[in-house]
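Asks: only geometry, no sequence info:
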C-alpha cells in the first residue's frame, strides 16, 4: 500500500488504508506499507498496528512533477517515487496487489509499478487524472458518478463508487448497531477536522463556538499530534471547564457515537460520522473537499458552510447556533446520514480484492458431461425458456452442435484451475446475445460478473466485429441481473445491453488481455 500522511496531506489516506489492510490481513494476506517520511507522517502509528512500513526519505535533489494538480504532495518526481517503490517491491517477491492512495500519482506511476504485481488498485476522490489499474475505489458521493471515470480507467477496470464502499473500521458498525440518539438534547459537541488543519480552522471554530455554546455543553476536541496549532489549542482549552481536548485519539467511533453534534471537514471522516448518524456542521479545508461536502449536504446529511478560509465569522457562528438550537434539523441530518452509510464498505472492498480470478477458454466436447449437472440444476433451469431437465444424451448433442456453429461462441470459465461457469454468445451482425450459468457451488462469490468481463475480453480479441452485447434476464433472476449490472450492462426491463470497444484481431483491447 502506497499512501502518505503529513501536515498538508492529513491522515485520512493512511487511516483508510489501515482499515482495509486489517481486513485483508484477517483474510490471510500480508500487507506492507510504503510511506515517505514527511513531517506529520504516521509511520510509527502504522507499525504499532503490526504492519511493516518501508520508509522513503525526504529528498531535495528531485523536484516534483507539475502534473497532476497535487503533484507537489509527493515531495519528489513521480518517476523517482516509482523507482523507490519498485526497489521495495523487488525485495518482497511476487505481489498479489499494489494499492495506491495518493492524489499525486496517476497512470504513469501505476504502469511503471504494474510489472511488480498481479494487479493494481487505486483509491481516489478527485476524478481528475487517468489511472492504469484493475480496480478503482471512490467511496464518495460524486455528481454524474457513472460517467466520471469514462476514459480515465481501462474499460475492464472494476470501479467501486459511493459510500456503500466507505472504508470504515469495524467498531463504527458495532457502535451503529447499539446507537440510541435523542435529537431533542445536545450534551456533547465533537470538533474534529482531520489530521492536518494547516490553516488553524479548529482553533478558529473553537473561538466562535465559545461565544454561542450553552454552558452545559461539553465540547470535545480531537486534534492530531501533527496539528500545527495543537499546543495553542491545549493551552487555551485543555484545562477550561466544559472542554475535553484529545490528541491522536484512537477511539473515534466511540467519540462520534457519544456526541450529539459535530463540527467536521469534508474528508474521509465524513463517512464515519454518517455511519453513526452524527449531525454535522461541515466545512471544507481544501478545494478537493468541496464536492463531497456539497453532495452530502444535497442528500440532507450535513450542513455545509463552504471553504472555511472563505467563510466569514458571521456565517460560521450562525451555522453553529442553528445546529445547537434546532432539534428538528439534527433529527433530519441524523436520519439522512444513517441512510447513506451502513458501515460494511470495507468488507465489500476486501471481497472484491479477494475474488478469485476468472479466465475463459473455448469449450471442448469433453466439457459437456462436466457442465451437465450445472445446466440441469433446478436453480439454473427454472430461469430458462424451457425449464425441463435434459437427458445427458440430448445435452451432449446440443453441446456439439453449438461447438460446430460458426455463429456461436461457447466458453468455459475457470478459477483456480477448475471450471466454474459456462458463457455463450450468439453472434448476429455486430451484436452478441449472451447466456450464462454457473456451477451452483460457485454462486454468491462474484463469479458471474467476473465471467462476463472475462468473456468480453475474449470476444474483443477473437471476435472484434461484435460491439453490442445483449441479454434477456427474467425479473426473478436477481443474481444474474446483479451480475450483468455489475459488469456494466444497462438495464431496460428484462433486457440488458452493453457497448464494448474492439481491437483488430489478435491484439489486446483492454488492460490484462
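Replies: On my side now, so go ahead. Treat the numbers as computed from the prediction; the structure is a model and nothing was measured.
Asks: Look through this structure and tell me its longest strand.
Replies: Secondary structure of the chain per DSSP state E: the longest strand is strand 418-428.
Asks: Indicate each strand paired with that one and its parallel or antiparallel sense.
Replies: Within its sheet, strand 418-428 is paired with strand 408-415 (antiparallel), strand 431-438 (antiparallel), according to DSSP bridges.
Asks: pLDDT on the last one, on average?
Replies: Think strand 431-438. Strand 431-438 shows an average pLDDT of 94 in the prediction.
Asks: Could you list the buried residues of it?
Replies: Judged by neighbour count using 16 or more other CB atoms under 10 Å, the buried positions of strand 431-438 are 432, 434, 435, 436, 437, 438. In short, each C-beta sits where N, CA and C put it, glycine included.
Asks: Not counting sequence-adjacent ones, nearest residue to the fifth one?
Replies: Going back to what we said before, that points to residue 437. residue 380 (4.9 Å; CB to CB, 6 or more residues apart in numbering).
Asks: Centroid-nearest residue for the protein?
Replies: Note on the chain: the residue nearest the mean C-alpha position is residue 137, at 3.0 Å, using CA atoms, centre = their mean.
Asks: Next, count neighbours for the residue nearest to residue 75 when sequence neighbours are not counted.
Replies: Using CB to CB, 6+ apart and skipping residues adjacent in sequence, the residue nearest residue 75 is residue 36, 5.5 Å away. When counting by other CB atoms under 10 Å, one arrives at 24 neighbours for residue 36.
Asks: Likewise for residue 367?
Replies: Neighbours around residue 367, by other CB under 10 Å: 17.
Asks: who does the residue nearest to it when sequence neighbours are not counted bridge with?
Replies: Closest residue to residue 367 apart from its sequence neighbours, by CB to CB, 6+ apart: residue 412 at 5.5 Å. Following DSSP bridges, residue 412 is listed with bridge partners residue 361, residue 422.
Asks: try residue 120
Replies: residue 98.
Asks: for it, what are its contacts?
Replies: Residues in contact with residue 120, defined by CB atoms under 8 Å, 6 or more residues apart in numbering, are 97, 98, 99, 100, 110, 113, 114, 132, 133, 134, 135.
Asks: let's see it at 7 Å
Replies: 98, 110, 113, 114, 132, 133, 134 (CB atoms under 7 Å, 6 or more residues apart in numbering).
Asks: From residue 145, how far off is it?
Replies: 21 Å (CB to CB, to the nearest Å).
Asks: Hmm, residue 356 and residue 416 touching each other?
Replies: Yes. Shown here, residue 416 and residue 356 form a contact pair, counting by CB atoms under 7 Å, at 5.7 Å.
Asks: When the two are compared, which one has more neighbours?
Replies: Each of residue 416 and residue 356 has its neighbours counted (other CB under 10 Å); residue 356 has more, 14 against 8.
Asks: what separates that one from residue 311, distance-wise?
Replies: Plainly put, residue 356 is 50 Å away from residue 311 if you go by CB to CB.
Asks: for residue 352, same thing?
Replies: Remark: distance between residue 352 and residue 311 (CB to CB) = 38 Å.
Asks: How about residue 79?
Replies: For residue 79, the distance to residue 311 - CB to CB - is 39 Å.
Asks: List the contacts of residue 64.
Replies: Going by CB under 7 Å, 6+ apart, the list of residues near residue 64 reads 71, 72, 74, 75, 76, 77.
Asks: One more pass at 10 Å, please.
Replies: 70, 71, 72, 73, 74, 75, 76, 77, 78, 80, 81, 104 (CB atoms under 10 Å, 6 or more residues apart in numbering).
Asks: What's the mean pLDDT across the helix or strand residue 147 falls within?
Replies: Taking DSSP states H and E as the definition, one finds residue 147 inside helix 145-148. For helix 145-148, the mean pLDDT works out to 80.
Asks: tell me which strands and helices that helix is in contact with?
Replies: For helix 145-148, the packing partners by 3 or more CB pairs under 10 Å, 6 or more residues apart in numbering; DSSP states H and E come out as strand 158-161.
Asks: from the chain's centre, how far out does the strand it packs on sit?
Replies: Distance, stretch centre to chain centre, for strand 158-161: 7 Å (CA atoms, centre = their mean, to the nearest Å).
Asks: Can you classify the residue of the chain most remote from its centre as helix, strand or coil?
Replies: Ranked by distance from the centre of the chain (CA atoms, centre = their mean), the top residue is residue 393, with 47.4 Å. The three-state label given to residue 393 by DSSP: H, G, I helix; E, B strand; the rest coil is helix.
Asks: If I look at it, what pLDDT would I see?
Replies: 96.
Asks: Just list the residues touching it, thanks.
Replies: No contacts exist for residue 393 under CB under 10 Å, 6+ apart.
Asks: Tell me how far it lies from residue 399.
Replies: The value you get for residue 393 to residue 399, if CB to CB is used, is 11 Å.
Asks: And for residue 421?
Replies: Residue 421 is 15 Å from residue 399, by CB to CB.
Asks: The two - which one has more neighbours?
Replies: With neighbours defined as other CB under 10 Å, residue 421 and residue 399 compare such that residue 421 has more, 26 against 21.
Asks: Look at residue 227 and report its pLDDT.
Replies: At residue 227, pLDDT is 87.
Asks: hang on, isn't the residue nearest to residue 367 packed against residue 437?
Replies: No. Counting by CB atoms under 10 Å, residue 412 does not reach residue 437; the two are 11.6 Å apart.
Asks: what touches both of the two?
Replies: 371, 421, 422, 423, 451.
Asks: which stretches of the stretch 351-500 of the chain form strands?
Replies: Taking DSSP state E, counting those that start in this stretch, the strands of the stretch 351-500 of the chain run over residues 358-362, 408-415, 418-428, 431-438, 468-472, 490-492, 495-499.
Asks: In terms of mean pLDDT, which of those strands ranks lowest?
Replies: strand 490-492 (a mean of 84).
Asks: tell me how far that strand is from the chain's mean position?
Replies: On CA atoms, centre = their mean, the centre of strand 490-492 falls 24 Å from the chain's centre.
Asks: ok, and what's touching it?
Replies: So strand 490-492 is contacted by 146, 471, 473, 481, 484, 485, 496, 497, 498, 499 (CB under 10 Å, 6+ apart).
Asks: For residue 220, give its distance to residue 11.
Replies: Distance, residue 220 to residue 11, by CB to CB: 18 Å.
Asks: neighbour count winner among those two?
Replies: More neighbours surround residue 11 than the other of residue 220 and residue 11, with 26 against 19 (other CB under 10 Å).
Asks: who are the neighbours in contact with that one?
Replies: Neighbours of residue 11 in contact, by CB under 10 Å, 6+ apart: 4-5, 18, 40-42, 45, 194-196, 224-226, 248, 267-269.
Asks: Give me the buried entries from those.
Replies: Looks like those have 4-5, 18, 40-42, 45, 194-196, 224, 226, 267-269 buried, using 16+ other CB under 10 Å.
Asks: Narrow the residues you listed to those in helices?
Replies: 18, 45, 269 (DSSP state H).
Asks: Now do the same for the second one: its pLDDT.
Replies: I take that to be residue 45. So residue 45 comes in at 94 (pLDDT).
Asks: Please renumber the chain so that the first residue is 95 from this point on.
Replies: Let's use 95 as the start, then, which means that last one is residue 139.
Asks: what sits against it?
Replies: 99, 105, 108, 109, 112, 145, 147, 318, 319, 342, 344.
Asks: Likewise for residue 414?
Replies: 283, 299, 302, 303, 305, 306, 307, 355, 357, 375, 397, 399.
Asks: one more time with 6 Å
Replies: Contacts for residue 414 (CB atoms under 6 Å, 6 or more residues apart in numbering) come out as 303, 306.
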